[in-house]
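# What follows is a predicted protein model with its sequence.
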Amino acid sequence: MTDRDRGRTDTADTADPTDQRGWSELFRTEDYWAIWLGLALIAASLIVYLPRPPAGMDASLATANATLRSEEAASPLRTVAWYEALDAKAGLKGTGEPHGKTLTRLLATPHGWRADPLHSLISDDARAAAQRAGAAAKSARRAAAAAAAREAAQTA
């Protein structure tokens, strides 16, 4: 059974020899426009974030690194202080700075909606207050659980 019998055709039989791609395609097709826009966002982020590191970043990194080294030398097991130092080190982000928060807010994806797509972009005061109350309760429960877990880890 040949390839033609199986429904396959040779690309030489079906290819259009006049369909040649050139450099101009890099600016004409949608796929390349998405790549260019992504590169522009990365370049803009680098321009904004690199010259403005988070306040006290060097001191925080030095403290966290010193804690990590001392905890590793003191015990072969990872301690609570080691994890806290690791969390402090990971918490240094440019998105916590005012310019980072502004960019994050502008570039954030729309939130979900049920009936009206505008609800994903604009929220009225009552709806926002209800969402904040629900988030605050959830945050309080998680903070209490984390504190209990930390206390249990320190007493164990």
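That came in fine, so what should we check first? Numbering: from 1, shown residues only.
# What are the buried residues along the helix or strand hosting Ser60?
Per DSSP states H and E, Ser60 falls inside helix 57-74. The neighbour-count check on helix 57-74 (16 or more other CB atoms under 10 Å) flags 60, 64, 67-68, 71 as buried. From N, CA and C alone the C-beta is placed, and that goes for glycine too.
# what sits up against that helix?
54, 78-79, 81-82, 84-86, 88-89, 92 (CB atoms under 8 Å, 6 or more residues apart in numbering).
# Tell me which helix or strand comes right after it.
With elements assigned by DSSP H and E, the helix or strand that comes after helix 57-74 is helix 80-90.
# Now do that next one: distance to the chain's middle.
With CA atoms, centre = their mean, to the nearest Å as the basis, helix 80-90 stands 20 Å off its chain's centre.
# The single longest helix found in the chain vs helix 80-90, what angle?
For the chain, the longest helix by residue count, based on DSSP state H, is helix 125-155. If you take axes from the mean of the first three to the mean of the last three CA atoms, to 10 degrees, helix 125-155 sits at 140 degrees to helix 80-90.
# Distance from helix 125-155 to the middle of the chain?
Distance, centroid of helix 125-155 to centroid of chain: 22 Å (CA atoms, centre = their mean).
# Repeat that for stretch 149-156.
On CA atoms, centre = their mean, the centre of stretch 149-156 falls 31 Å from that of its chain.
# Would you mind listing the outside residues contacting it?
Outside of stretch 149-156, the residues within contact range by CB under 8 Å, 6+ apart are Val80.
# what stretches of the protein score poorly on pLDDT?
Along the chain, segments meeting pLDDT under 70 span 1-20.
# rerun at 80
1-28, 54-55, 93-96, 99-100, 103-113, 118-124, 156 (pLDDT under 80).
# and the gap between Ala152 and Glu71?
19 Å (CB to CB, to the nearest Å).
# now do Asp116
52 Å.
# Between its first and last residues, what's the separation in stretch 41-58?
Length of stretch 41-58, first residue to last, CA to CA, to the nearest Å: 26 Å.
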